[in-house]
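Colleague: sequence and predicted structure below; questions after.
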Amino acid sequence: MSTRDTGIRYALIGIIAVSLLATSGCGWFRSKKDPYRNAAENRPLEIPPDLDRPRVDPAMQIPPVASRTPSAPASAGASISAVPQALVSEGQFVLADALDSAWRRVGLALERMDGVTVGTRSEALGTTEVAYKGQTFLIRLRAQNQSTEVSAVSTDGRSLQGGPAAELLGLLKARLG
């Protein structure tokens with residue numbers, strides 16, 4: 001090998017070494033700023049002033065539990081409540097029973113009724129999907145103090161006050177009474 005070939009070889013090795021160092025991630029040619037440090041996603045979470053405390057309106061309060069005697073069954077004292085007619089509309093009725101007991105009683109009554117097909121049930125929402133006389137709707141249970149309101153609503157949330165829904169509520173009221 002000649003010295004000229006050796007010189008070219010060393011020059012190529014030098015060029016390769018310099019280009020590798022220049023393109024490596026050592027940070028000599030990069031900006032020292034951190035572009036992500038001040039990004040909106042890294043700021044601390046700010047809670048709006050009206051959401052820093054839980055709501056304390058009467059609708060959010062848990063009703064007191066009625067005491068029961070161990071000798072009496074849970075459904076023995078449950079009946080249709082004596083509510084003034086002005087408070088009972090055609091599309092609903094009120095049971096003088098706690099929500100959990102009313103949920104079980106209404107579910108059993110619906111399953112035992114002829115012509116009623118029970119669909120999905122959601123105890124958390126207090127709804128049971130039923131099909132009766134070609135109409136599909138929800139039976140909704142809501143707690144009211146020491147009683148439970150039973151109503152019929154359409155699948156989009158509108159109150160039903162006539163037709164098969166009102167007829168089924170009448171049958172349900174008679175069966176539970």
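Modeller: Looks like it came in fine.
Colleague: all the helices of this structure, residue numbers only.
Modeller: In the chain, the segments counted as helices under DSSP state H are 3-23, 99-112, 163-176.
Colleague: report the buried residues of the strand ranked longest in the chain.
Modeller: Ranked by residue count under DSSP state E, the longest strand found in the chain is strand 135-144. The neighbour-count criterion (16 or more other C-beta atoms under 10 Å) identifies F137, L138, I139, R140, L141, R142, A143 as the buried residues of strand 135-144. In short, each C-beta sits where N, CA and C put it, glycine included.
Colleague: would you mind giving the residues you listed as a markdown table with pLDDT added?
Modeller: Output for the buried residues of strand 135-144, formatted as a markdown table (pLDDT from 0 to 100):
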| residue | pLDDT |
| --- | --- |
| F137 | 93 |
| L138 | 93 |
| I139 | 93 |
| R140 | 93 |
| L141 | 93 |
| R142 | 92 |
| A143 | 91 |
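Colleague: nearest to L12, of the residues you listed?
Modeller: Proximity of the buried residues of strand 135-144 to L12 was ranked by C-beta to C-beta; the top entry is L138 with 80.8 Å.
Colleague: for the closest one, which residues make a bridge with it?
Modeller: E129, V153 (DSSP bridges).
Colleague: follow-up on the earlier one: need the buried residues of strand 135-144 in a markdown table with distance to L51, can you?
Modeller: Output for the buried residues of strand 135-144, formatted as a markdown table (distance: C-beta to C-beta, whole Å):
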| residue | distance to L51 |
| --- | --- |
| F137 | 35 |
| L138 | 30 |
| I139 | 34 |
| R140 | 28 |
| L141 | 29 |
| R142 | 25 |
| A143 | 25 |
